[in-house]
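Q: can't give you the sequence, but here's the structure:
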């Protein structure tokens, strides 16, 4: 059974800090790994990483995938209060996603 | 620019009652999904559909049924609601799979079973 584990489960930082969120996975037919941000309602897509694209960057957010060690990290630099959210990692194999529990990030002013 | 729309947004049911949650997408996506989200457990897949007229079981299908009679709609039914089904339900859709296509989520339905 596919499994995705995120750490830490919660994190509190001050504005301007840099944070690293972790995601490890155990899958039998890995295709891609996705990161989502969930504020109050719907999760919104951030990045998708595959064997042909193991590093992505968008503004202050970046993510890498280590297919050998089976993990991914999401980095957020110069955090802002608007970055406060649950960050979800999901692994895609076959036809569906398997999600981790999520990391609750709180950025204080 | 609706994307994925879920109705209703909130609902309170009594144990044993039945109801249907509706999900509609206007992006012409083939794949649709129903998840439930509970504290400390992330998003868990209930059922999904890879095209009109098809459905398949996900990780936690018991107590739920689904139908995909039209490509744009995916219905989730609870025949006899139980308190364990109190949760936030999310619908999602995606263009396809292949190496994985990002799923687009609705805003969720908060369901309480008393």
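A: Everything's here; your move. It should be emphasised that the depicted structure is a prediction, and the values quoted were computed from it without experimental measurement.
Q: Could you list the residues in contact with the worst-scoring helix or strand of chain A on mean pLDDT?
A: Taking mean pLDDT, DSSP states H and E as the measure, chain A has strand A:96-99 as its least confident helix or strand, at a mean of 86. Residues outside strand A:96-99 that contact it (CB atoms under 8 Å, 6 or more residues apart in numbering or on different chains): A:2-4, A:25, A:27, A:34, A:88-92, B:33, B:35, B:42-45, B:48, B:58-59, B:100, B:103. Using the backbone N, CA and C atoms, a C-beta is placed for each residue, glycine as well.
Q: Now the buried members of these.
A: In these, burial by neighbour count holds for A:2, A:4, A:25, A:27, A:34, A:88-92, B:33, B:35, B:42-45, B:48, B:58-59, B:100, B:103, counting by 16 or more other CB atoms under 10 Å in any protein chain shown.
Q: Could you tell me which of those belong to strands?
A: Of the buried ones among the contacts of strand A:96-99, the ones assigned to strands by DSSP state E are A:4, A:25, A:34, A:88-92, B:33, B:35, B:42-45, B:48.
Q: do stretch B:34-47 and chain A meet?
A: Yes - contact between stretch B:34-47 and chain A, assessed by CB under 8 Å from any CB of the partner chain, occurs at B:35, B:40, B:41, B:42, B:43, B:44, B:45.
Q: Look up how far residue B:7 lies from the fifth one.
A: Okay, so that is residue B:43. As judged by CB to CB, to the nearest Å, residue B:43 and residue B:7 stand 20 Å apart.
Q: swap in the last one?
A: Here residue B:45 is placed at a distance of 21 Å from residue B:7 (CB to CB).
Q: next one: the second one
A: In this structure, residue B:40 and residue B:7 are 27 Å apart, going by CB to CB.
Q: More neighbours: which of the two?
A: Between residue B:40 and residue B:7, residue B:7 has the larger neighbour count (other CB atoms under 10 Å in any protein chain shown), namely 12 against 7.
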